[in-house]
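J.: Pasting the sequence and the predicted coordinates here, then a few questions.
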Amino acid sequence: MSLFPITIQKLLRKESLSFEEAKTVMQEIMSGQLSSIRIASWITALRMKGETPEEVGGCAAAMNASGIKIHCLDENVIDTCGTGGDGAGTFNISTAAAFVAAGAGATVAKHGNRAVSSKSGSADILSELDFNINMPVEDMEYCLNRLGIAFLFAPNLHPAMKHAMPVRIDLGIRTVFNIMGPLCNPANAKRAVIGVYDRKLCRIMAEAAQTLGKEHVMVVHGNDGLDEITTTTTTHICELRNNGIHEYDFDPIKTLGIPKSKPADLLGKEPRENAKVFREIISGEKTGPLRDIIVLNSAAAILVSGKAIKWEDALSMAEESLSSGRAYQKLKSIVEFCRKK
């Protein structure tokens, strides 16, 4: 029997659902059991009440169960992803950070999609770099396990989302689907740097990650509004580690000596132009504010991977990944693999 009638009544009374209740209804959505009207009313009622960590975690668990799995040999595999939707239109920072972290020795399962609020999402820029975002599962697994980095294109790996996508588009509002995506890595990454569009989501996402058994996750929100660790001011971080959550404001300018930038310095452009700048930074040709913020976010990824313990060491490893050409080699090797296929 469907849990929709019981749970929608609870939500209308502003009562929170348990992890299992949220998971069960999301399973009903993912399996096509609920009509569009029921899906729309349920996710809207959940949004109006306000999603709890247990509800986000339960929904993510259902989405994970319904998705296509990518097998990774490295249990410390990481993701660098975000909710998107911060409206800032910044450069593809987390995508670049994925390659820098991979160059530093981390195994990276970069889960991503096309643009949400920027002009160019991770899938958009990688397509411009001759990367096949639609590669089959066996090729993703080869890239992940042999080359150390793979791009996991969300729409191809979560086919059950077809039942909810028309509703999401018609509603045109943020719902639990916008929040839970970064918790649904197909390679089952238990370590991640997750950017969120709202400071209030930091604690919710960290606790949701905890319900899912994640090991080391940094949920970040720049106090300038970015869903990245920013270089214009401080960043609010909720860090899940050793099954505990530490919440703090981080100032990389004072703590690490990162040069302070202006918001305008971090803006992205159209995919083709972004791809050109991306290649220049990864290859070591270009310096400046974009490189600085990429190095900083790469350091966070290196930290959650366990390759470094201290920020200073992680920062040095990120710098070395770029200056040695290892980050660029990761990009070249995966593009070459795509061309051969």
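T.: Everything's here; your move. Everything numeric here is computed off the predicted structure, so don't read it as measured data.

J.: roughly how far apart are the closest residue to Leu201 other than its chain neighbours and Glu336?
T.: Distance criterion CB to CB, 6 or more residues apart in numbering; nearest residue to Leu201, sequence neighbours excluded, is Ile179 at 6.5 Å. Placement of C-beta: from N, CA and C, glycine included. According to CB to CB, to the nearest Å, Ile179 and Glu336 sit 36 Å apart.

J.: Comparing those two, which residue is more hemmed in?
T.: A count of neighbours by other CB atoms under 10 Å puts Ile179 above the other of Ile179 and Glu336, at 24 against 12.

J.: wouldn't that one be in contact with Val56 here?
T.: Yes. Using CB atoms under 8 Å, Ile179 is in contact with Val56, at 5.6 Å.

J.: Could you please give me the overlap between the contact lists of these two?
T.: Ile204, Met205, Ala208 (CB atoms under 8 Å, 6 or more residues apart in numbering).

J.: from those, which is closest to Ser36?
T.: Closest approach to Ser36 among the shared contacts of Ile179 and Val56 (CB to CB): Ala208, at 25.8 Å.

J.: Can you get me a residue count around the closest one?
T.: The tally of other residues near Ala208 (other CB under 10 Å) stands at 30.

J.: Could you verify my assumption that it touches Thr83?
T.: No. Counting by CB under 8 Å, Ala208 stays clear of Thr83, with 11.9 Å between them.

J.: Need the residues touching each of those two.
T.: Joint contacts of Ala208 and Thr83 (CB under 8 Å, 6+ apart) are Ile179.

J.: List phi and psi for Leu267.
T.: As for Leu267, its main-chain torsions (degrees, to the nearest 10) stand at phi -70, psi 140.

J.: What's opposite it in the beta bridge?
T.: Thr90 (DSSP bridges).

J.: what's the distance between it and Thr232?
T.: For Leu267 relative to Thr232 (CB to CB), the value is 12 Å.

J.: between the two, who's got more neighbours?
T.: Thr232 (20 against 14).

J.: Contact partners for the nearest residue to the more buried one once chain neighbours are set aside?
T.: Using CB to CB, 6+ apart and skipping residues adjacent in sequence, the residue nearest Thr232 is Asp224, 4.7 Å away. Residues counted as contacts of Asp224 (CB under 8 Å, 6+ apart) are Thr230, Thr232, Thr233, Pro263.

J.: Report the two of the residues you listed separated the most.
T.: The span of the contacts of Asp224, defined through CB to CB, is set by Thr233 and Pro263 at 9.5 Å.

J.: Report the secondary structure element holding Ala209.
T.: Here Ala209, judged by DSSP states H and E, is contained in helix 201-211.

J.: in that helix, what counts as buried?
T.: Leu201, Cys202, Ile204, Met205, Ala206, Glu207, Ala208, Ala209, Gln210, Thr211 (16 or more other CB atoms under 10 Å).

J.: The nearest residue to the fourth one once chain neighbours are set aside: how many residues sit nearby?
T.: In space, and not counting its chain neighbours, Met205 is closest to Val219: 4.4 Å by CB to CB, 6+ apart. Close neighbours of Val219, defined as other CB under 10 Å, add up to 29.

J.: is it true that Val219 lies in a strand?
T.: Yes. Assigned with DSSP: H, G, I helix; E, B strand; the rest coil, Val219 falls within a strand.

J.: Does it have any beta-bridge partners, and if so which?
T.: With DSSP bridges as the rule, Val219 is bridged to Ile194, Cys238.

J.: Would you list the phi and psi of Val77?
T.: Main-chain torsions, Val77, degrees, to the nearest 10: phi -50, psi 140.
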